[in-house]
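Novice: build me a structure from this.
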Amino acid sequence: MQPKKLLIEARMGGRSLSDLISHHRSNGASWQEIADYVRLRTGVVVSRESIRRWTYL
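Specialist: Sure thing, here's the model as predicted:
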């Protein structure tokens, strides 16, 4: 697993990033909106491409 993904999950209190991405996507959020949410919630800057890529790992 990528270190940045681990950091994000740790800052979210152990919540699965995959679950968060799935939840937001099912509610119609774009990859960029999810990346922005992760940055606001955790302080970790992440690209929409990373979010998209992590969805399929």
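
Novice: grab the nearest non-local neighbour of Ala29.
Specialist: Spatially, and ignoring its direct neighbours in sequence, Ala29 is nearest to Tyr37 (7.5 Å; Cβ to Cβ, 6 or more residues apart in numbering). (Glycine included, C-beta is placed from N, CA and C.)

Novice: where does the one you found sit, in terms of helix or strand?
Specialist: helix 31-42 (DSSP states H and E).

Novice: just the helices in this structure please.
Specialist: Ranges of helices in the chain, per DSSP state H, are 3-11, 17-26, 31-42, 48-55.

Novice: any chance of these in TSV, plus mean neighbour count?
Specialist: Putting the helices of the chain into TSV (neighbours: other Cβ atoms under 10 Å) gives the following:
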stretch	mean neighbour count
helix 3-11	15
helix 17-26	15
helix 31-42	16
helix 48-55	16
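
Novice: for Arg41, give its distance to Ile21.
Specialist: Separation of Arg41 from Ile21 (Cβ to Cβ, to the nearest Å) stands at 13 Å.

Novice: mind checking how far Gly43 is from Ile8?
Specialist: Taking Cβ to Cβ as the measure, Gly43 falls 9 Å from Ile8.

Novice: ok, now Arg25?
Specialist: 16 Å.
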